[in-house]
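**Student:** With the input below, show me the fold.
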Amino acid sequence: MIDHQVRVHPSAARLPREEQLAWKLAVVAAGTQEAGELDPDAAAMAANRIIDNASVAVASLLRRPVAVARAQAQRAVITAVRRTLEAINRDGDSGAVHDDMASFAERERIVRTAEYLAIGS
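**Tutor:** Numbering: from 1, shown residues only. Just a heads-up that it's a prediction; the model follows:
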């Protein structure tokens, strides 16, 4: 049996394909392990794990808190774009909504990009 250490990497890390969990699961499922022949139980386990993970992810999208948060975010973006375009149409520039706009640095702070990138480093 091969033990694999699994940990989170930031997307900027560009982990080699062969080191990614999905690749390692595919190797097991395809039976191309260095150890030899495909173990039917291991292949079934890998397939079921992938199906389970996908099912949970899809089901979570339909949960009320997730759906509400997604709808609120979409509504906020649409409202902000509408207000910005109205200001540009009316005034010729977006100065009227300037105070409502976030800088890129503010956006990075709000979404906690630095914390995310620090994971695993």
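**Student:** which helix is the longest one in the chain?
**Tutor:** Secondary structure of the chain per DSSP state H: the longest helix is helix 64-91.
**Student:** ok, residues contacting the helix or strand just after that helix?
**Tutor:** Downstream of helix 64-91, the next assigned helix or strand under DSSP states H and E is helix 104-110. Helix 104-110 is contacted from outside by A102, A114, using Cβ atoms under 8 Å, 6 or more residues apart in numbering. C-betas here are computed from N, CA, C, even on glycine.
**Student:** just how off-centre is helix 104-110 within its chain?
**Tutor:** 18 Å (Cα atoms, centre = their mean, to the nearest Å).
**Student:** Buried ones in that helix, by neighbour count?
**Tutor:** Using 16 or more other Cβ atoms under 10 Å as the test for burial, helix 104-110 gives no buried residues.
**Student:** Send over the strand or helix carrying A47 as CSV, restricted to the C-alpha atoms.
**Tutor:** Taking DSSP H and E as the criterion, A47 maps to helix 40-61. This file holds the C-alpha atoms of helix 40-61, laid out as CSV (Å, rounded to 0.1, in the frame of the first residue of the first chain):
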residue,chain,number,x,y,z
PRO,A,40,-10.5,-4.0,-8.2
ASP,A,41,-11.3,-2.9,-4.7
ALA,A,42,-9.0,0.1,-4.9
ALA,A,43,-10.5,1.1,-8.3
ALA,A,44,-14.1,0.8,-6.9
MET,A,45,-13.1,2.8,-3.8
ALA,A,46,-11.5,5.6,-6.0
ALA,A,47,-14.6,5.8,-8.2
ASN,A,48,-17.0,5.9,-5.3
ARG,A,49,-14.9,8.6,-3.6
ILE,A,50,-15.0,10.8,-6.7
ILE,A,51,-18.7,10.2,-7.1
ASP,A,52,-19.3,11.0,-3.4
ASN,A,53,-17.3,14.2,-3.5
ALA,A,54,-19.0,15.4,-6.6
SER,A,55,-22.4,14.6,-5.2
VAL,A,56,-21.7,16.5,-2.0
ALA,A,57,-20.4,19.5,-3.9
VAL,A,58,-23.5,19.6,-6.2
ALA,A,59,-25.9,19.1,-3.3
SER,A,60,-24.2,22.0,-1.3
LEU,A,61,-25.0,24.4,-4.2
